[in-house]
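Asker: Dropping the sequence and predicted coords here.
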Amino acid sequence: MSHLLIRPATGAAGPPPLRRGRLRSFFADPGLVAGSALVAFVVLAALAAPLIAAIVGHGPNEQFPDVTLDAAGLPITGGNGFLLGADGSGRDVFIRTLYGARVSLGIGIPATTIAMVVGVVVGLIGGYFGGRIDAVLSELTNIALAFPFLVTALSVVTLNRGTAGTTLVDPVVVVIGVVALFSWTYFARLVRNAVIEIKSKPFVLAAIGAGASHCRVIIREILPNIAPTVIIYWAVQLPINIIAEASLSYLGVGIKAPTPSWGTMIANAQDSALYQPQPLMLIAPAAALFITVLGFNILSTRLRSRFDPGSVG
């Protein structure tokens, strides 16, 4: 008599239960969904900017005065293939706003990441070793916090000027450095406090008692436990740094024209007063900056409430 071996079907009948549960949990949180959607929209706009510019045939710095300026020399608010109209130089406001997202993210993400790395290293070393090392690093952190942001930024920009109006270092690199310089201190304090609390835990003491080196204890035992909090704080700090970049550009000490930064676009609209006949010159970059900051703020707040409930009051 033959025996039939019945095996369960192995076809893909859907995502595993754990994955389905995570998806349901994600979509059950309106704030998390809204924040993720806004962030994804901004990132997609930044990535698609060159493609959209190629489709419409308008570069971010190309000027079309013949079709975008009226008889009085004032920019149009729309039409002639310009979705959001043009600025006083005949440049496409829509395309420049999209490229402004590339500038903001291209500066905010590296600056925040550099600040995170520096702050984590300082916080880990100070919090773990304590004593004089912690005292010295804490004092350095306090000194860095004492420097005024705008005054320091103005000083750095002045030192970066060469002859005949040239710059010694790419302004983008300078802005990233300035923003990172004023961001790492918050990561350092956050990590230091977390390490002081964690290093007295039984699993850390057990690793030390087993003869593990300091480096191994920090990397294998402490760092994985503070990583989620650090990553969440990275998302909290990012919109702050994006505003910092826009503020520097608005004041004329950040990204220089004709590079389409949201800060320079807002400053140009106000200085020229052309936002009165062409309000989208001011509304478009301001709205883009608002959406970006709002999206990251909502996302980071919901992430903190889900993964670090004690930090949300």
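Answerer: Cool, got the structure. Numbering: from 1, shown residues only.

Asker: Is the residue nearest the centre of the chain part of a helix or strand, or is it coil?
Answerer: Nearest to the geometric centre of the chain sits residue 238, at 3.4 Å (Cα atoms, centre = their mean). Applying DSSP: H, G, I helix; E, B strand; the rest coil to residue 238 yields a three-state assignment of helix.

Asker: what bits of the chain have low per-residue confidence?
Answerer: 1-23, 26, 164-165, 308-313 (pLDDT under 70).

Asker: can you give me the helices in it?
Answerer: 17-27, 30-56, 65-68, 93-129, 131-146, 149-159, 171-181, 184-198, 202-209, 214-216, 223-250, 262-272, 280-307 (DSSP state H).

Asker: before we move on, the earlier item: quick one: the residue nearest to the centre of the chain and residue 246, what's the gap?
Answerer: 13 Å (Cβ to Cβ, to the nearest Å). Where C-beta positions appear, they are placed from N, C-alpha and C, glycine not excepted.

Asker: repeat for residue 50
Answerer: 22 Å.

Asker: okay, those two: which has more neighbours?
Answerer: For residue 50 versus residue 246, neighbours defined as other Cβ atoms under 10 Å are more numerous around residue 246 (30 against 15).

Asker: any idea how far that one is from residue 76?
Answerer: When residue 246 is compared with residue 76 (using Cβ to Cβ), they lie 26 Å apart.

Asker: right, so of the helices of the chain, which gets closest to residue 81?
Answerer: Smallest distance to residue 81 across the helices of the chain (Cβ to Cβ): 6.3 Å, for helix 30-56.

Asker: contacting residues for residue 178?
Answerer: Shown in contact with residue 178 (Cβ atoms under 8 Å, 6 or more residues apart in numbering): 152, 153, 156, 248.

Asker: Apply 10 Å and report the result again.
Answerer: Residues near residue 178 by Cβ atoms under 10 Å, 6 or more residues apart in numbering: 107, 111, 149, 152-157, 244-245, 248, 253-254.

Asker: Mind checking which of those residues are buried?
Answerer: Buried by 16 or more other Cβ atoms under 10 Å: 107, 111, 153, 154, 156, 157, 244, 245, 248, 253, 254, out of these.

Asker: ok, the second one to residue 177 distance?
Answerer: If you measure residue 111 against residue 177 using Cβ to Cβ, the figure is 8 Å.

Asker: Over to the last one?
Answerer: Note on residue 254: its distance to residue 177, by Cβ to Cβ, is 12 Å.

Asker: returning to what we had before: including distance to residue 87, could the helices of the chain go into a markdown table?
Answerer: Formatted as a markdown table, the helices of the chain follow (distance: least, Cβ to Cβ, whole Å):
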| stretch | distance to residue 87 |
| --- | --- |
| helix 17-27 | 40 |
| helix 30-56 | 15 |
| helix 65-68 | 8 |
| helix 93-129 | 6 |
| helix 131-146 | 38 |
| helix 149-159 | 24 |
| helix 171-181 | 21 |
| helix 184-198 | 36 |
| helix 202-209 | 58 |
| helix 214-216 | 54 |
| helix 223-250 | 15 |
| helix 262-272 | 7 |
| helix 280-307 | 5 |
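
Asker: Out of those helices, which is closest to residue 86?
Answerer: Taking Cβ to Cβ, helix 65-68 is the member of the helices of the chain nearest to residue 86, at 3.5 Å.

Asker: Residues in contact with the closest one: which ones?
Answerer: Contacts to helix 65-68, defined as Cβ under 10 Å, 6+ apart, come from residues 58, 73-76, 79-82, 85-93, 278.

Asker: switch the cut-off to 6 Å
Answerer: Taking contacts as Cβ atoms under 6 Å, 6 or more residues apart in numbering, the residues outside helix 65-68 that touch it are 75, 76, 80, 86, 90.

Asker: quick one: which of the residues you listed is most hemmed in?
Answerer: residue 86 (31 neighbours).

Asker: ok, for that residue, nearest residue in space, not its chain neighbours?
Answerer: Leaving out its chain neighbours, the residue that sits closest to residue 86 by Cβ to Cβ, 6 or more residues apart in numbering is residue 68, at 3.5 Å.
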